[in-house]
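Engineer: Next come a sequence and a model predicted from it.
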Amino acid sequence: MTAAPKTAMVLAAGLGTRMRPLTDDRPKALVEVEGRALIDHVLDRLADAGVEKAVVNVHWFADRLEAHLAARGRGPKIVISDERAELLETGGGLKKAHPLLGDDPVFVANIDSVWIDRGDALADLVRLWNSETMDSALLLARREGSIGFEGDGDFFLRDDGGLAFRGAAASAPYAYMGVHITRPGYADNGCDGPFSLSPLWRKSAAQGRLFGCVLNGDWMHVGDPQARDQAEAKLAGLD
């Protein structure tokens, strides 16, 4: 069985413009859902999955986020990738952080994803991952029934776990839910400065090297204040 990554990249540098006014005085990562900062929801999931080190990129209210992380009181160990000078987006952020991540496969996680797990989503992702045949393995959610996601879906999923982008189709059943496994050097050939991982994923999908598995549970994309309130209501309804 594939070993679970011991290191993660947590993408926490965004401006959180859609989350205003909640981000007028803090980064999106410190917006709370059910009394816990979004970044703590993610870091606790990663710690439970065996992650020992998390590289967190910072930009908006970076000092406040660093202080929060220093006071967390549980793993994983935090290493800061400083993007105060320039916000680098997902691909640029991964490229900058590569020296801090090492060379073994890593989890890469957004901070605006909260979920109720009826299985073990991260373990399923680890079981799927194959560094020889894959560039990235993505955790997906069913578009129907998700909270805070209003798009038309991102992917079609083949029986072998291979992914195809929605393309010209009116809709696709699955959305990327904010966590994937990849190699730390995946974005190294990207341009200098900010760039997205999405074009790299499209290239990998065309080469048959982009895979995914589907969450058994409920996904909440906490991208704006309304979605935050809906996520709190959903979590409060748990026994």
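Structural biologist: That came through, no problem. These figures come from a predicted structure and were not determined experimentally.

Engineer: ranges for the strands of this protein?
Structural biologist: With DSSP state E applied, the chain shows strands at 7-11, 32-33, 36-37, 53-58, 77-82, 106-110, 113-117, 136-142, 155-157, 163-165, 174-182, 210-214, 217-221, listed in chain order.

Engineer: want to throw the ones you listed into CSV with mean pLDDT and distance to residue 124?
Structural biologist: C-beta coordinates here come from the backbone N, C-alpha and C atoms, glycine included. Compiled in CSV, these are given as follows (pLDDT from 0 to 100; distance: least, Cβ to Cβ, whole Å):
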stretch, mean pLDDT, distance to residue 124
strand 7-11, 98, 16
strand 32-33, 96, 23
strand 36-37, 95, 24
strand 53-58, 98, 20
strand 77-82, 98, 25
strand 106-110, 98, 13
strand 113-117, 95, 10
strand 136-142, 97, 8
strand 155-157, 97, 13
strand 163-165, 97, 15
strand 174-182, 97, 11
strand 210-214, 98, 5
strand 217-221, 95, 11
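
Engineer: now the ones you listed in CSV, with distance to residue 199?
Structural biologist: Written out in CSV, the entries for the strands of the chain read as follows (distance: least, Cβ to Cβ, whole Å):
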stretch, distance to residue 199
strand 7-11, 17
strand 32-33, 31
strand 36-37, 31
strand 53-58, 19
strand 77-82, 21
strand 106-110, 16
strand 113-117, 21
strand 136-142, 13
strand 155-157, 15
strand 163-165, 11
strand 174-182, 14
strand 210-214, 12
strand 217-221, 22
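
Engineer: Reformat those strands as a markdown table; add distance to residue 228 and mean neighbour count.
Structural biologist: Compiled in a markdown table, those are given as follows (distance: least, Cβ to Cβ, whole Å; neighbours: other Cβ atoms under 10 Å):
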| stretch | distance to residue 228 | mean neighbour count |
| --- | --- | --- |
| strand 7-11 | 18 | 25 |
| strand 32-33 | 6 | 17 |
| strand 36-37 | 12 | 17 |
| strand 53-58 | 20 | 24 |
| strand 77-82 | 24 | 16 |
| strand 106-110 | 15 | 25 |
| strand 113-117 | 9 | 21 |
| strand 136-142 | 17 | 24 |
| strand 155-157 | 25 | 19 |
| strand 163-165 | 29 | 19 |
| strand 174-182 | 15 | 24 |
| strand 210-214 | 24 | 23 |
| strand 217-221 | 9 | 22 |
